[in-house]
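Novice: Model the structure of this input:
(2 chains)
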Amino acid sequence: MTGVPGREAAERRRQVAVRRERVIERGRQRREASRARQAANIDRARRERQVTLVDLVDRLLDGGVVIHGDITLAVADVDLLYVGLRALVSSVEAMEREFGGSLSARGDSLSASAT
Amino acid sequence: MLYLYAIAADSPAATSGCTGLRGATVEAIGEAGLFAAVSRHDDLRLETSAADLLAHQRVVERLMDQAAVLPMRFASTIASETAAVATLRERRGEFQSMLSRVRGAVELAIRATFNNEPAPAAAAEPTGGPGTTYMLTRLGRTRQQAQVAARIHQPLSAIARESDVRVTGAEETSSESRPLLTGSYLVDRDRVAPFRARVAELDEEVAEAKIACTGPWPPYSFTSPPPRS
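Specialist: As a prediction, the model looks like this:
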């Protein structure tokens, strides 16, 4: 007589343990997926900022109004500008530390669209 | 010495409270309807540092939200206020027609790269030697690139007011993201959202390419005098 409730109790405990394991496993999977998503987002954000920076430098150094004669470019050598550009692009992250991510801080204006 | 950020129509108030290069105050000089945003410097040695480039860009962006602007190229300086005012006066007509070209519009930048190295289009008939085969393969690649670029450019140029695109050379680089099309589009402010939406669609539709869009930028690529018609 006492054996049956004992077995039932053991079975219930086993089922509870199985359910607990499942919950823990799902939690672990969710955390892993979230970490992967986060890593992908950071990676994409970094690529977008690089594209944005290259677009910015292209425009500032190669576009815009140039008036020959009265107005002179204070940086004499364009080749030097581009040497500077390469150094600049390779130091995006250093710059972000300096400017607190201001390249992407202006909302839509300076941020790359997520395409 | 004056550093020039932009030439703008209307609203000199747009510069108020604006900080420029090296923390200098930005002011507007000029006459009704046409002014230059400048800051004064005794000794200005510019670098292509992030700080200087961003200082220039921030001033222009602030202005473009309030008035039609012609951004100056980075590092433009002029000796004195007198010289700047004289230049504005002499070229008033030219600047005003350039301003009306960009008024109400912003610049959006497109950078398309190949997703992966495309298969050589239409395998060359092995009739010639290795040189001929090489040239035919290259020709095929160039043609294929032009076709893919057109599938991206045509729908976008239909939305834009004007465009300035470069189809990047097929022989250029062999890195994993081979450039395909680099373009600037002058887009009416109220068409920026449809333009971006179209870019997102094209990014899906054109399987060969990955398309990035940045902006809105001041119209850096549309500041040459308008083409004579």
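Novice: C-alpha from now on. contacts and neighbour counts both.
Specialist: OK.
Novice: For A:Arg59, give me its contacts.
Specialist: Applying C-alpha atoms under 8 Å, 6 or more residues apart in numbering or on different chains to A:Arg59 gives the contacts B:Arg73, B:Tyr220, B:Ser221.
Novice: any idea which of these is closest to B:Gly33?
Specialist: B:Tyr220 (20.3 Å; C-alpha to C-alpha).
Novice: ok, how many other residues are close to that closest one?
Specialist: B:Tyr220: 25 surrounding residues under other C-alpha atoms under 10 Å in any protein chain shown.
Novice: Leaving out the residues flanking it, which one is nearest to it?
Specialist: Nearest non-adjacent residue to B:Tyr220, counting by C-alpha to C-alpha, 6 or more residues apart in numbering or on different chains: A:Gly64, 4.4 Å away.
Novice: And the one you found, how far from B:Tyr134?
Specialist: A:Gly64 is 40 Å from B:Tyr134, where distance means C-alpha to C-alpha, to the nearest Å.
Novice: A:Arg46 now?
Specialist: In this view, A:Arg46 and B:Tyr134 are 37 Å apart by C-alpha to C-alpha.
Novice: Could you tell me which residues of chain B lie near chain A?
Specialist: With C-alpha under 8 Å from any C-alpha of the partner chain as the criterion, chain B meets chain A at residues B:44-50, B:53, B:57, B:70-79, B:83, B:87, B:109, B:196, B:199-200, B:203, B:210-217, B:219-224.
Novice: what stretches of chain A score poorly on pLDDT?
Specialist: Chain A contains residues with pLDDT under 70 at A:1-3, A:68-115.
Novice: all strands for it, in order.
Specialist: A:72-73 (DSSP state E).
Novice: Select the longest helix from it.
Specialist: Looking across chain A with DSSP state H, the single longest helix is helix A:3-62.
Novice: same deal with chain B?
Specialist: For chain B, the helix with the greatest residue count under DSSP H is helix B:130-159.
Novice: A:Gly64 and B:Tyr134: which is more packed in?
Specialist: A:Gly64 (23 against 13).
Novice: now stretch B:144-163: mean pLDDT?
Specialist: Per-residue pLDDT over stretch B:144-163 has a mean of 94.
Novice: which other residues reach it?
Specialist: Outside stretch B:144-163, the residues within contact range by C-alpha under 8 Å, 6+ apart are B:121, B:167, B:170, B:180-181, B:183-188, B:191, B:194-195, B:198-199, B:202, B:206, B:208-209.
Novice: so of the residues you listed, which ones are in helices?
Specialist: Of these, the ones assigned to helices by DSSP H are B:Pro194, B:Phe195, B:Arg198, B:Val199, B:Leu202.
Novice: which residues touch the second one?
Specialist: Right, B:Phe195. For B:Phe195, the contact set (C-alpha under 8 Å, 6+ apart) comprises B:Leu156, B:Ile159, B:Ala160, B:Val187.
Novice: on that earlier part again, from B:Ile110, how far out is the residue nearest to B:Tyr220?
Specialist: 18 Å.
Novice: Kindly report the same for B:Thr137.
Specialist: Distance of B:Thr137 to B:Ile110, computed by C-alpha to C-alpha: 27 Å.
Novice: What of B:Ala50?
Specialist: Applying C-alpha to C-alpha, the value for B:Ala50 to B:Ile110 is 22 Å.
Novice: on that earlier part again, identify the farthest-apart pair in the ones in helices among the contacts of stretch B:144-163.
Specialist: So, the ones in helices among the contacts of stretch B:144-163 by C-alpha to C-alpha: farthest apart are B:Pro194 and B:Leu202, at 12.2 Å.
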